[in-house]
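**Student:** based on what follows, work out the 3D shape:
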Amino acid sequence: PSSNNWMLIKIVKLMSALLPEEPRLARKLLEPLAKVVETTQAKSLLYECIHAITLALAYTARVDGSQPKAVPAIVSLCTSKLREFVEDPDQNLKYLGLVGFVNLMRSHPRVVAEHKEMVLQCLVDDDITVRLRALELLTGMVTRRNLVDIVQRLLLHVQSAEGSYQDELIEKIVFVCSRDRYAYLGSFS
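**Tutor:** Here you go, the predicted structure:
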């Protein structure tokens, strides 16, 4: 019943809120949350569990820097579900999927970067909030290796964009190029 889902959502949110205060809780929550992600049909509960996992991942590293064995599989599960959200025709789910990827980027940027093409496709979405969230995600994906490619693709969007969205695109291009005192630029030619 849906009332159980709402109760679970409240419990998941409570556990998420406790993570910064009790980081050891993160490792204990990963597998139970992943089980819910695998089994639930409720999009709201699914998203809250993925959100909690992405928050918990910031606290799962052991003292020696290693991660629990289950982390790669759980990250893969989350990226798969987030991708389904982004590819859903429902604009709200698409937006939540992008937000989830932004959160996941904090702990697993390389995994998120594997979805660059999907994120680039969101830059032509009809919904401005989806485009802006995709743009935010894309700027976090920029590395020395892919800077030129991403900037070239963004410049194509600048030509067809209008108003404040065009300004935002230009601002992000300048930001990624000037990041860390232009460290990502090999030369100015």
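**Student:** OK, contacts around the residue nearest to the spatial centre of the chain?
**Tutor:** When C-alpha atoms, centre = their mean is applied to the chain, the residue found nearest the centroid is F101 (1.2 Å). Contact analysis of F101 by C-beta atoms under 8 Å, 6 or more residues apart in numbering lists T79, L82, V86, V112, H115, V119, L137. Every C-beta, even on glycine, is put in place using the N, C-alpha and C of the backbone.
**Student:** closest one of those residues to A161?
**Tutor:** Checking those against A161 with C-beta to C-beta, the nearest one is V119 at 16.2 Å.
**Student:** any chance of the contacts of F101 in TSV, plus neighbour count?
**Tutor:** TSV is the format used below for these (neighbours: other C-beta atoms under 10 Å):
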residue	neighbour count
T79	19
L82	26
V86	24
V112	23
H115	19
V119	23
L137	25
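**Student:** would JSON lines of those residues with pLDDT be doable?
**Tutor:** Shown next, in JSON lines, are the contacts of F101 (pLDDT from 0 to 100):
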{"residue": "T79", "pLDDT": "98"}
{"residue": "L82", "pLDDT": "98"}
{"residue": "V86", "pLDDT": "98"}
{"residue": "V112", "pLDDT": "95"}
{"residue": "H115", "pLDDT": "96"}
{"residue": "V119", "pLDDT": "97"}
{"residue": "L137", "pLDDT": "95"}
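**Student:** got the CA coordinates for stretch 47-62 in PDB?
**Tutor:** The C-alpha trace of stretch 47-62 is given here as PDB (Å, rounded to 0.1, in the frame of the first residue of the first chain):
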ATOM      1  CA  TYR A  47      14.300   8.200  -5.900                       C
ATOM      2  CA  GLU A  48      14.600   8.800  -2.200                       C
ATOM      3  CA  CYS A  49      16.600   5.600  -1.700                       C
ATOM      4  CA  ILE A  50      18.900   6.500  -4.600                       C
ATOM      5  CA  HIS A  51      19.300  10.000  -3.100                       C
ATOM      6  CA  ALA A  52      20.100   8.400   0.300                       C
ATOM      7  CA  ILE A  53      22.700   6.100  -1.300                       C
ATOM      8  CA  THR A  54      24.400   9.000  -3.100                       C
ATOM      9  CA  LEU A  55      24.600  10.900   0.200                       C
ATOM     10  CA  ALA A  56      25.900   7.800   2.000                       C
ATOM     11  CA  LEU A  57      28.600   7.100  -0.600                       C
ATOM     12  CA  ALA A  58      30.500  10.200   0.600                       C
ATOM     13  CA  TYR A  59      30.900   8.400   4.000                       C
ATOM     14  CA  THR A  60      31.600   4.800   3.000                       C
ATOM     15  CA  ALA A  61      35.400   4.900   2.500                       C
ATOM     16  CA  ARG A  62      37.400   3.100   5.200                       C
END
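**Student:** may I see the buried residues of it?
**Tutor:** Buried residues in stretch 47-62, defined by neighbour count with 16 or more other C-beta atoms under 10 Å: 47-57, 59-61.
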